[in-house]
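K.L.:
predicted model, plus sequence, below.
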Amino acid sequence: MDYTGSQSEKAVTAGELGRSHIGQTISFQPNEFTVVFGKLAGIARTEAMVYISLTGVGNGTHLKDEYDLPLTHVVYVPVDVISNAESTIKDLFGKVQENLRGTGHKGGEDRTDRL
């Protein structure tokens, strides 16, 4: 199995997880046979490992709610919709500015004085 997240998730390394991720639903593949989806309840970190605790996963026969992952292990977190939208708006605004500047510099007619 090779889990790569969904369209509404972005990949980060376990070492990048921090306080802002607590309470978010994350997903990851701890081994070649299992994909885990759960709400991040807590994070502990050492120089080499990240220990995460999940809610909504444990209490099953084969399900764990605690995992220890290397710092470089890929986990998937929800895409930050607000930052994503802000970035898109800035990009579009930049393109509009370029187009407006480009029209004035190419010797095009200025039609602001005509009705």
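P.N.:
Sure, I can see it. Numbering: from 1, shown residues only.
K.L.:
which residues of the chain score low on pLDDT?
P.N.:
For the chain, the stretches flagged by pLDDT under 70 are 59-61, 81-88, 103-115.
K.L.:
show me the helices in it, by range?
P.N.:
81-105 (DSSP state H).
K.L.:
can you show me the strands along it?
P.N.:
Ranges of strands within the chain are 9-13, 25-31, 34-45, 49-55, 66-70, 74-78, based on DSSP state E.
K.L.:
and residue 93, which of those is closest to it?
P.N.:
Residue 93 lies closest, by C-beta to C-beta, to one member of the strands of the chain: strand 9-13, at 23.2 Å. Bear in mind the C-beta positions are built from the backbone N, C-alpha and C, glycine included.
K.L.:
so which bits of that closest one are buried?
P.N.:
By neighbour count with 16 or more other C-beta atoms under 10 Å, strand 9-13 contains the buried residues 9, 12.
K.L.:
okay, the strands of the chain in JSON lines with distance to residue 101 next?
P.N.:
Formatted as JSON lines, the strands of the chain follow (distance: least, C-beta to C-beta, whole Å):
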{"stretch": "strand 9-13", "distance to residue 101": "33"}
{"stretch": "strand 25-31", "distance to residue 101": "43"}
{"stretch": "strand 34-45", "distance to residue 101": "45"}
{"stretch": "strand 49-55", "distance to residue 101": "47"}
{"stretch": "strand 66-70", "distance to residue 101": "48"}
{"stretch": "strand 74-78", "distance to residue 101": "37"}
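K.L.:
of all those strands, which one is nearest residue 99?
P.N.:
strand 9-13 (30.0 Å).
K.L.:
looking at the strands of the chain, which is nearest to residue 91?
P.N.:
strand 9-13 (17.4 Å).
K.L.:
give the other helices and strands that that closest one contacts.
P.N.:
strand 74-78 (3 or more C-beta pairs under 8 Å, 6 or more residues apart in numbering; DSSP states H and E).
K.L.:
the same query, at a cut-off of 10 Å, please.
P.N.:
strand 25-31, strand 74-78 (3 or more C-beta pairs under 10 Å, 6 or more residues apart in numbering; DSSP states H and E).
K.L.:
and those strands, which is most packed in?
P.N.:
Of the helices and strands packed on strand 9-13, the one with the most neighbours on average (mean count of other C-beta atoms under 10 Å) is strand 74-78, at a mean of 19.
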